[in-house]
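>>> sequence? don't have it. structure:
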């Protein structure tokens, strides 16, 4: 049986309620840096490969783990998180100011909508996750992936057999997204059985270790990834 490990990045400035920043450069908080160090100590696995998105918070989360094994992470653009709005349009917004913008976007559930030049459409985001999904079987056992919560939720949605290419599918995915816990620093194990089907398991014991670092990590999901 082959196993891939998905790790959501540690706490970022945006997760902690900070003002909106360009998504590529959102760093970890001091607590997030501690969580990343704890992850490196707690992940009892020698990785065959380490994959990260192009976003700083995922790369910073992987750094202590990669340093422990003397590995260089591989940057895969298909792991990038959803960018539903060009962040230049809401620069400096607080979480409270971002929330109604995000709620309005999801309520509309238009997979073709683009809000600003540097934003994704939902279909473009879906295509990134679908690309990774199509390549999962090629990855070796013990590949570790450092990424993002909405991205991972859509991957699980697809593994369950669902799709979200139209408005109703996007709305159904949104409800699923809000119900799937993917806390900062969480670990999910994806196992490939002989049948060719993937199963997904949450590592609760590791989450307890992450929650014990500083203040409890909790579950901070930005409505606007």
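That came through, no problem. Since we're looking at a predicted model, the values are computed, not measured.

>>> Tell me which stretches of this protein form helices.
According to DSSP state H, the chain carries its helices in the segments 30-42, 56-69, 95-108, 122-135, 149-159, 167-179, 204-211.

>>> Work out the gap between the fourth one and the centre of the chain.
The chain centre lies 13 Å from the centre of helix 122-135; the measure is CA atoms, centre = their mean, to the nearest Å.

>>> Over to the fifth one?
Per CA atoms, centre = their mean, the displacement of helix 149-159 from the mean C-alpha position of its chain is 9 Å.

>>> which residues are in contact with it?
The set of residues that contact helix 149-159 without belonging to it, under CB atoms under 8 Å, 6 or more residues apart in numbering, is 6, 8, 53, 79-82, 125-126, 128-130, 132-133, 164, 173, 176-177, 180, 182, 188, 190, 198, 200, 221, 225. Bear in mind the C-beta positions are built from the backbone N, C-alpha and C, glycine included.

>>> Return a PyMOL selection command for the buried portion of these.
Selecting only the buried members of those in PyMOL, with burial defined as 16 or more other CB atoms under 10 Å, works like this:
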select buried, resi 6+8+53+79+80+81+82+125+126+128+129+130+132+164+173+177+180+182+188+190+198+200+221+225
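
>>> Let me know the distance separating residue 131 from residue 138.
Distance of residue 131 to residue 138, computed by CB to CB, to the nearest Å: 12 Å.

>>> same deal with residue 6?
From residue 6 over to residue 138 (counting by CB to CB), the distance is 16 Å.

>>> got it, and residue 33?
Residue 33 sits 32 Å away from residue 138 when distances are taken as CB to CB.

>>> More neighbours: the two, which one.
Relative neighbour count places residue 33 above the other of residue 33 and residue 138, with 19 against 7, counting by other CB atoms under 10 Å.

>>> Quick one: residues contacting that one.
By CB under 8 Å, 6+ apart, the residues touching residue 33 are 10, 60.

>>> Now the helix or strand of the chain with the lowest mean pLDDT: buried residues?
Of all helical and strand segments in the chain, the minimum by mean pLDDT, DSSP states H and E falls on helix 95-108, at a mean of 89. Judged by neighbour count (16+ other CB under 10 Å), helix 95-108 contains these buried residues: 95, 98, 101-102, 105-106.

>>> What's opposite the closest residue to residue 1 other than its chain neighbours in the beta bridge?
Residue nearest to residue 1 in three dimensions, not counting chain neighbours: residue 191, with 5.6 Å by CB to CB, 6 or more residues apart in numbering. Taking DSSP bridges, one obtains residue 3, residue 199 as the residues bridged to residue 191.

>>> looking at it, residue 191 is touching residue 3, isn't it?
Yes: at 5.1 Å, residue 191 and residue 3 qualify as touching, with contact defined as CB atoms under 8 Å.

>>> For the residue positioned nearest the centre of the chain, which non-adjacent residue is closest in space?
If you average the C-alpha coordinates of the chain and look for the closest C-alpha using CA atoms, centre = their mean, you land on residue 148, 1.0 Å from that point. Taking CB to CB, 6+ apart as the measure, residue 148 lies nearest to residue 81, with 3.6 Å between them; neighbours along the chain are not counted.

>>> Thanks a lot, see you next time.
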